[in-house]
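*Asks:* dropping the sequence and predicted coords here.
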Amino acid sequence: MKILIVEDEARMARLLRRGLQEEGHSVDVCETADAAAEQALLISYDVILLDWMLPDQDGVALLRSWRQKGLRTPVLMLTARGTTGEKVTGLRAGADDYMAKPFDFDELLARIEALARRGGAHERSAQLGNLTLDARRRVLQGPDGETPLTAREFELLSELGGHRGEVLTRSKLLSCVWGTEFEGSPNVVDVYIGYLRAKIEQLRGDGVSLQTVRGIGYRLVVDAQTEGSRR
């Protein structure tokens, strides 16, 4: 999963990130409401862990703002506030779950997984022309069978497929797929586009193309007639 932690306490954020990364998840951290406000809207996260008390704005106000702007990502609030009234306030503001500090990490992990199952960012499957992107099994299916996708290939194709026809910059793809703290070469996007093109060709993905927009990035284009014939 791709998870955003909004937490200003450095030690807590560090421990959460390390624990979630050890479980195989991709994790970004924001220390302020201001930093998280736009990031959560620009990047497709599966779950957001949101601290109630932030230095520049309380988490409840930030959550209300997200919900008003249409953010549907599941949000789990983490806070030292544990009274029933405060829990109700958080849930009514749009939180999907609530845990009071201190908490057991295994329980937190189980709650995150439950939230992702109920309302994660990726659907079980997506139709791309005559190809099917199966999120549950993380494979790409086509007329000539199916091929497995790596985690990065799946996230990259999902991001492009979710914005089909739109040009996505390399920087946006890097932040969405590799995380905002990725320090490697931006050329990694080009390499993975090459991998995906080869797999689409292998499966005879007619009418499905990953187009290069020189100097900007990439877009996924699906021929409407090909996609219509699959419905």
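*Replies:* Looks like it came in fine.

*Asks:* what are the contacting residues of stretch 19-30?
*Replies:* Outside stretch 19-30, the residues that touch it by Cβ atoms under 8 Å, 6 or more residues apart in numbering are 1-7, 13, 16-17, 36, 39, 43, 45, 105, 109, 112, 155, 179-181. Where you see a C-beta, it was placed from the backbone N, CA and C, and this is true even at glycine.

*Asks:* do me a favour and get the end-to-end distance for it?
*Replies:* Distance across stretch 19-30, first residue to last, is 17 Å (Cα to Cα, to the nearest Å).

*Asks:* how far off centre is that stretch?
*Replies:* Offset of stretch 19-30 from its chain centre (Cα atoms, centre = their mean, to the nearest Å): 12 Å.

*Asks:* for that stretch, buried residues please.
*Replies:* Across stretch 19-30, burial judged by 16 or more other Cβ atoms under 10 Å covers L20, H25, S26, V27, D28, V29, C30.

*Asks:* pLDDT at the fifth one, what is it?
*Replies:* The reference is to D28. If you check D28, the pLDDT there is 93.

*Asks:* tell me how many other residues crowd the nearest residue in space to Y192 that is not next to it in sequence.
*Replies:* Among residues not flanking Y192 along the chain, L156 sits closest, at 5.4 Å (Cβ to Cβ, 6 or more residues apart in numbering). By the measure other Cβ atoms under 10 Å, the count of residues near L156 is 26.

*Asks:* roughly how far does L156 sit from L133?
*Replies:* As for L156, its distance to L133 is 11 Å (criterion: Cβ to Cβ, to the nearest Å).

*Asks:* just E146 next, same as before
*Replies:* 10 Å.

*Asks:* got any residues that touch both of those two?
*Replies:* Common neighbours of E146 and L133 are listed as L140 (criterion: Cβ under 8 Å, 6+ apart).

*Asks:* out of those two, which sits in the busier spot?
*Replies:* Per other Cβ under 10 Å, whichever of E146 and L133 has more neighbours is L133, with 20 against 15.

*Asks:* in the helix or strand hosting the more buried one, what counts as buried?
*Replies:* Taking DSSP states H and E as the definition, one finds L133 inside strand 131-134. If you call a residue buried by 16+ other Cβ under 10 Å, then strand 131-134 has these buried ones: L131, T132, L133.

*Asks:* show me which of those is closest to A116.
*Replies:* Using Cβ to Cβ, L133 comes nearest to A116 of those, at 17.4 Å.

*Asks:* please report how far that closest one lies from L149.
*Replies:* 8 Å.

*Asks:* list residues touching both of the two?
*Replies:* L140, L157.

*Asks:* run through the bridge partners of D28.
*Replies:* Taking DSSP bridges as the rule, D28 bridges to L4.

*Asks:* against R72, how distant is it?
*Replies:* Counting by Cβ to Cβ, the gap from D28 to R72 is 18 Å.

*Asks:* with Y98 instead?
*Replies:* Y98 is 18 Å from R72, by Cβ to Cβ.

*Asks:* mean pLDDT per helix and strand in the protein: which one sits at the bottom?
*Replies:* helix 224-229 (a mean of 55; mean pLDDT, DSSP states H and E).

*Asks:* is it correct that the residue nearest to Y192 is in contact with K199?
*Replies:* No: L156 is not in contact with K199 according to Cβ atoms under 8 Å; the separation is 11.4 Å.

*Asks:* can you give me every residue that contacts L41?
*Replies:* If you count contacts by Cβ under 8 Å, 6+ apart, then L41 has W66, K69, L71 around it.
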